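Visitor: one predicted model, sequence on top.
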Amino acid sequence: MALMCRGVRGATTADHNTRDEILQATRQLLALMIRLNGIDAESVGSAIFTVTKDLDAEFPALAARQLGWLDVPLLCAYEISVPNSLPRCIRILINWNTTKSQREIQHVYIKDAARLRPDLSKLPPVDFDELERWIEEQMKLFRPRTPESPNADTIR
């Protein structure tokens with residue numbers, strides 16, 4: 001099969017407009033998207049992160065940097081404000097080079113965002129404790145260890 005650029009979509013919600021909540025929700029969503037699709041950062045062309053206007057405590061793309069996506073072009077934006085839309089929502093669109101067909105792509109909608117696309121929200125059972133352990137391992141691998149940038153949380 002030929003190598004194609006495919007879009008992988010996902011959405012989640014943050015419980016509160018805090019830096020930690022935004023980053024944790026984004027890391028969980030991104031980790032599931034990576035793991036369910038077998039995405040390698042080297043194959044990612046770019047990723048777009050959007051948030052609803054009620055989330056402004058942190059850039060969600062920082063979560064991707066924390067997971068080692070240091071060379072991937074990332075962009076953050078606001079989602080269009082539509083009356084009665086889902087609050088505190090984080091969305092990701094990954095443009096990924098793969099040999100998978102469109103039908104093989106696993107889009108990920110979790111937490112309250114599952115109601116956005118119930119047709120795409122049927123995931124295998126997720127062990128969130130195990131997922132958090134995997135995220136922590138990834139973050140340890142990519143934390144800068146130089147005096148110039150001792151804190152991975154400052155990477156944009």
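Guide: Good, I have the coordinates.
Visitor: would you map the strands across this protein?
Guide: All strands of the chain, identified by DSSP state E, fall at 4-13, 44-51, 74-78, 89-98, 108-109.
Visitor: does anything pack onto the first one? Which helices or strands?
Guide: What it means is strand 4-13. helix 19-37, strand 89-98, strand 108-109 (3 or more C-beta pairs under 8 Å, 6 or more residues apart in numbering; DSSP states H and E). For every residue, glycine as well, the C-beta is placed using N, CA and C.
Visitor: quick check: buried residues in the longest one?
Guide: I take that to be helix 19-37. Buried residues in helix 19-37, counted by 16 or more other C-beta atoms under 10 Å: 21-34, 36-37.
Visitor: now do that helix against strand 44-51, angle only.
Guide: When axes from the mean of the first three to the mean of the last three C-alpha atoms, to 10 degrees is applied, the directions of helix 19-37 and strand 44-51 differ by 140 degrees.
Visitor: what mean pLDDT does helix 19-37 have?
Guide: The pLDDT scores in helix 19-37 average 97.
Visitor: mind checking how far it is from the chain centre?
Guide: 5 Å (C-alpha atoms, centre = their mean, to the nearest Å).
Visitor: any residues touching stretch 102-109, and which ones?
Guide: By C-beta atoms under 8 Å, 6 or more residues apart in numbering, the surrounding residues in contact with stretch 102-109 are 6-12, 29, 32-33, 36-37, 116-117, 120-121, 123.
Visitor: let's go with 7 Å and repeat that
Guide: 6, 8-11, 29, 32-33, 36-37, 116-117, 120-121, 123 (C-beta atoms under 7 Å, 6 or more residues apart in numbering).
Visitor: return the member of these nearest to V51.
Guide: In terms of C-beta to C-beta, no member of the contacts of stretch 102-109 lies closer to V51 than A11, at 10.5 Å.
Visitor: residues contacting that closest one?
Guide: 89-91, 109, 113, 116.
Visitor: any idea which residue is closest to the centre of this protein?
Guide: Taking C-alpha atoms, centre = their mean, the centroid of the chain lies closest to L30, which sits 2.9 Å from it.
Visitor: my read: that one touches Q66, true?
Guide: No: L30 is beyond contact range of Q66, at 9.4 Å (criterion: C-beta atoms under 7 Å).
Visitor: can you pull the contacts of A25?
Guide: 12-14, 90.
Visitor: now those residues: which count as buried?
Guide: The buried subset of these - by 16+ other C-beta under 10 Å - is 12-14, 90.
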